[in-house]
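Chemist: Have a look; sequence and predicted model below, questions after that.
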Amino acid sequence: MTRGAPWSIRRRLALGVVALVALLGILIGTVSVIALRQNLLERLDGQVQDVMRSWVGPGSGAQLPGGSDLLRTGLVVGVAVPGQNARGIVTTSSGDATELTAAQLERLFSTRSRQPATIDIPRLGAYRVVLESTADGSVLAVALSMDDVDGTTRDLALVFALVTAGALVIAAAGAVAIVRVALRPLGRVTETATRVTELQLASGDATIPERVPDAEADPRTEVGQVGAALNRLLGHVEHALVARQASEEKVRRFVADASHELRTPLASIRGYAELTRRIDDELPADAIRSLDRIESESIRMTALVEELLELARLDEGQGLVFGEVELVRLVTDAVGDAYAAAPDHEWEVVAPDPPLTIEADAARIHQLVVNLLGNAHRHTPAGTVVTVTLASDADEATLTFADDGPGIPEELRPRLFERFARGDASRSRATGSTGLGLAIVAAVVEAHGGRIEVFSVPGDTRFVVRLPLRRPDAADASHLPD
């Protein structure tokens with residue numbers, strides 16, 4: 001069974017106040033109505049007793065009373081003499097006396113209690129009756145209508161119902177207003193938390209300037225305790241982010257410095273290896289094979305160092321030279337180079353008529369295209385069709401690199417653009433991949449204020465790159481991925 005949506009604090013407090021007011025109104029009304037009815041019944045019993053005493057006073061007999069002093073509207077009196085039929089009358093609003101029927105008389109004398117009791121006389125309604133026995137064995141009955149008691153009770157109950165309903169409306173409106181005012185500081189705390197979630201903490205400044213105002217961070221109140229706790233949490237997160245950023249900056253500087261310093265010795269190793277190979281006629285076969293391995297490994301390490309240095313520059317936002325870049329020609333030339341390097345693949349370009357120009361760094365965009373084409377070549381078998389599609393709208397250009405190869409393993413997709421991410425080590429080494437190509441692609445796209453998406457199933461893999469037609473703001477261009 002599906003549970004409903006949870007109630008907010010505002011709703012709970014408002015409904016709680018309304019329920020409390022309703023409970024108090026019902027309780028007060030019920031007690032008041034019961035007390036009034038009891039009081040009215042006691043007064044009516046007193047009136048019935050007075051009529052009985054007036055009737056059975058000195059000199060009176062077991063005869064029906066008469067006279068305007070005794071008979072009153074709604075009065076029922078009856079006499080039951082042993083050996084005779086019972087008789088009774090009821091006075092109407094006009095002052096006339098009407099004989100009671102046998103059924104009415106039977107009901108009038110049905111009670112055996114000598115205390116006032118309530119009976120329902122057919123066609124007359126509810127009455128309060130008192131019976132009295134005389135010395136000759138006769139039974140006298142006096143009853144007064146309860147219409148006034150019932151009417152007054154109903155009126156009072158209706159008044160309390162209306163008053164309670166009005167009080168509920170006022171209480172609901174007041175509770176909503178009071179709760180809204182009381183929870184307004186909590187709303188400001190929520191706004192602060194929302195603004196923090198909108199900060200670009202992953203790629204921007206590690207500092208968190210947002211804080212809950214002091215007025216909403218007073219620990220003497222419940223909302224203040226929440227605000228103070230949030231401020232402490234933000235401070236802790238900011239400290240951790242600053243420390244992490246400082247650590248990452250050290251790592252970046254180390255990588256950049258190490259890459260820069262390694263370029264010269266690697267070039268020297270490669271040069272000496274090439275120089276030594278020129279005298280291979282005087283070297284044994286094992287030495288020649290060793291020199292070949294030294295040269296190939298120096299070439300691979302040089303490529304790795306160059307890519308690490310390139311990533312370090314992109315991380316720092318350095319080396320971007322923006323200008324007009326004609327994408328159709330750039331992509332066509334890159335695909336032509338890819339065909340020359342890998343004629344066992346089928347290469348296609350689908351593009352609008354030139355020019356399709358964007359404002360970007362031409363060298364970096366060329367590197368992006370070459371890396372994605374090389375990725376398609378290295379990780380797909382011979383005969384794979386690789387198609388590059390270009391399109392544009394008013395704001396951005398879209399480059400789609402699609403192939404009908406085996407696809408990207410599902411476990412690799414979440415970390416596809418991470419550094420040194422490889423499907424398997426043997427394949428990467430066999431193809432000369434360093435695992436940094438797609439990381440450089442992501443960094444170039446981010447540096448230009450664009451975005452990249454990947455869709456892959458067996459037989460259909462697409463890298464979709466979207467780049468703005470115009471140069472992004474300097475602030476956006478400087479925020480680069482880790």
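Modeler: Thanks, I have it.
Chemist: how's the chain carved up into domains?
Modeler: Taking automatic domain parsing as the criterion, the chain consists of the domains 206-316, 320-478.
Chemist: Worst mean pLDDT among the ones you listed?
Modeler: Lowest mean pLDDT of the domains of the chain: domain 206-316, a mean of 70.
Chemist: P468 reaches I358, doesn't it?
Modeler: Yes. Judged on C-beta atoms under 8 Å, P468 makes contact with I358 at a distance of 7.2 Å. Placement of C-beta: from N, CA and C, glycine included.
Chemist: Touching both of the two, which residues are there?
Modeler: Overlap of the contact sets of P468 and I358 (by C-beta atoms under 8 Å, 6 or more residues apart in numbering) consists of A397.
Chemist: Can you pick out the residue with more neighbours from the two?
Modeler: The neighbour count for P468 versus I358, taken as other C-beta atoms under 10 Å, is higher for I358 (23 against 17).
Chemist: Helices of the stretch 101-250 of the chain, start to end?
Modeler: 102-108, 147-197, 222-277 (DSSP state H, counting those that start in this stretch).
Chemist: typo on my end, the stretch 351-482 of the chain
Modeler: 362-378, 425-431, 437-447, 474-478.
Chemist: between these, which one is nearest to L15?
Modeler: Taking C-beta to C-beta, helix 474-478 is the member of these nearest to L15, at 48.0 Å.
Chemist: check contacts around A351.
Modeler: L327, V328, V331, T332, V388, T389, L390.
Chemist: try 7 Å
Modeler: Neighbouring residues of A351 by C-beta atoms under 7 Å, 6 or more residues apart in numbering: V328, V331, L390.
Chemist: With D460 as the reference, measure out to I170.
Modeler: According to C-beta to C-beta, to the nearest Å, I170 stands 66 Å off from D460.
Chemist: How about H236?
Modeler: 46 Å.
Chemist: What's opposite the closest residue to L469 other than its chain neighbours in the beta bridge?
Modeler: Excluding the flanking residues, the one nearest L469 by C-beta to C-beta, 6 or more residues apart in numbering is I358, at 5.1 Å. Beta-bridge pairing of I358 under DSSP bridges involves V325.
Chemist: so I358 makes contact with D395?
Modeler: No. If you go by C-beta atoms under 7 Å, I358 and D395 don't touch, sitting 10.8 Å apart.
Chemist: if I look at those two, which residues touch both of them?
Modeler: With C-beta under 7 Å, 6+ apart as the test, I358 and D395 both reach L469.
Chemist: what's near enough to touch the nearest residue to A394 once chain neighbours are set aside?
Modeler: The spatially closest residue to A394, leaving aside those adjacent along the chain, is L469, at 8.0 Å (C-beta to C-beta, 6+ apart). Residues in contact with L469, defined by C-beta under 7 Å, 6+ apart, are I358, E359, S392, D395, E396, A397.
Chemist: pretty sure V33 contacts T152?
Modeler: No. Using C-beta under 7 Å as the test, V33 is too far from T152 to be in contact (9.7 Å).
Chemist: Between those two, which is the more surrounded one?
Modeler: V33 (18 against 15).
Chemist: and V77, which of the three is it?
Modeler: Classification of V77 using DSSP: H, G, I helix; E, B strand; the rest coil returns strand.
Chemist: distance of it from V142?
Modeler: In terms of C-beta to C-beta, V77 sits 5 Å off from V142.
Chemist: and what of V51?
Modeler: For V51 relative to V142 (C-beta to C-beta), the value is 5 Å.
Chemist: more neighbours, these two?
Modeler: Taking neighbours as other C-beta under 10 Å, V51 and V142 compare with V142 leading, 28 against 20.
Chemist: if I pick V33, what's in contact with it?
Modeler: T153, L156, A157, F160.
Chemist: Could you do G78 as well?
Modeler: So G78 contacts A86, R87, G88, L100, L105, L108, F109, A141 (C-beta under 7 Å, 6+ apart).
Chemist: What are the contacting residues of stretch 176-196?
Modeler: 9-10, 13-14, 208, 210-213, 216, 223, 226-227, 230, 234.
Chemist: Contact partners for R123?
Modeler: Taking C-beta under 7 Å, 6+ apart as the definition, R123 has no contacts.
Chemist: Got the phi and psi for it?
Modeler: phi 60, psi 0 (degrees, to the nearest 10).
Chemist: Distance of it relative to Q104?
Modeler: 7 Å.
Chemist: Can you name the residues that contact the residue nearest to V457 when sequence neighbours are not counted?
Modeler: Distances taken as C-beta to C-beta, 6+ apart put G407 closest to V457, at 5.6 Å, once the chain neighbours are dropped. Residues near G407 by C-beta under 7 Å, 6+ apart: S456, V457, P458, G459, T461.
Chemist: and the contacts of G78 as JSON lines, adding distance to R451 and neighbour count?
Modeler: Formatted as JSON lines, the contacts of G78 follow (distance: C-beta to C-beta, whole Å; neighbours: other C-beta atoms under 10 Å):
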{"residue": "A86", "distance to R451": "104", "neighbour count": "17"}
{"residue": "R87", "distance to R451": "106", "neighbour count": "16"}
{"residue": "G88", "distance to R451": "100", "neighbour count": "23"}
{"residue": "L100", "distance to R451": "99", "neighbour count": "23"}
{"residue": "L105", "distance to R451": "99", "neighbour count": "21"}
{"residue": "L108", "distance to R451": "96", "neighbour count": "26"}
{"residue": "F109", "distance to R451": "99", "neighbour count": "19"}
{"residue": "A141", "distance to R451": "99", "neighbour count": "24"}
